[in-house]
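# Build the 3D model from these lines:
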Amino acid sequence: MKKSIFLLLGILLFLSCTNKLYVAGTDFENKYIPFIIDNKSNKEEIILKLGEPSWAFENGRILTYRLSIDRKGNVVPLKIGNYKNDPNFSYTYPVVTRYYSLVLVFSGNILEKHSLVLNNP
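Got it, this is the predicted structure:
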């Protein structure tokens with residue numbers, strides 16, 4: 001368990017690329033990712049909504065997504081690799097200035113905890 005906590009903190013620090021961590025508040029999460037609920041959401045449900053994760057650790061127990069918000073207020077998961085060929089990314093590229101890292105930790109198939117961190121405040 002301690003190993004998982006340290007891994008989660010390490011991932012957040014690695015993905016944030018800032019001196020400070022800016023964790024999204026409840027209002028922000030309720031507006032943009034209302035389907036992410038600790039101890040309730042299941043893995044398949046989340047993957048159906050967000051697609052395949054950017055990264056997976058501990059045999060899929062920890063999933064991470066890199067997200068942006070488009071002009072219409074929709075969450076746009078960004079894929080590692082060639083963003084510019086993704087039509088969603090091309091649509092949002094000129095106006096997206098903030099990226100978020102979503103880290104999900106599962107216990108079995110149920111979401112145990114999550115964190116949404118602003119990468120470039």
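# which regions of this protein sit below the pLDDT cut-off?
For the chain, the stretches with pLDDT under 70 are 1-21, 79-97, 120-121.
# could you redo the last one with a cut-off of 90?
Per-residue confidence for the chain (pLDDT under 90) gives these ranges: 1-32, 54, 66-100, 116-121.
# The chain: helices as residue ranges?
Here the chain has its helices, by DSSP state H, at 2-16, 26-32, 43-50, 87-92.
# So residue 115 versus residue 22, what's the distance?
Distance of residue 115 to residue 22, computed by C-beta to C-beta, to the nearest Å: 11 Å. Using the backbone N, CA and C atoms, a C-beta is placed for each residue, glycine as well.
# between these two, who's got more neighbours?
residue 115 (19 against 15; other C-beta atoms under 10 Å).
# Who is the closest residue to the more buried one other than its chain neighbours paired with across the strands?
Among residues not flanking residue 115 along the chain, residue 103 sits closest, at 4.9 Å (C-beta to C-beta, 6 or more residues apart in numbering). Beta-bridge partners recorded for residue 103 (DSSP bridges): residue 64, residue 115.
# thinking residue 103 is in contact with residue 114, fair?
Yes - if you go by C-beta atoms under 8 Å, residue 103 and residue 114 touch, sitting 6.4 Å apart.
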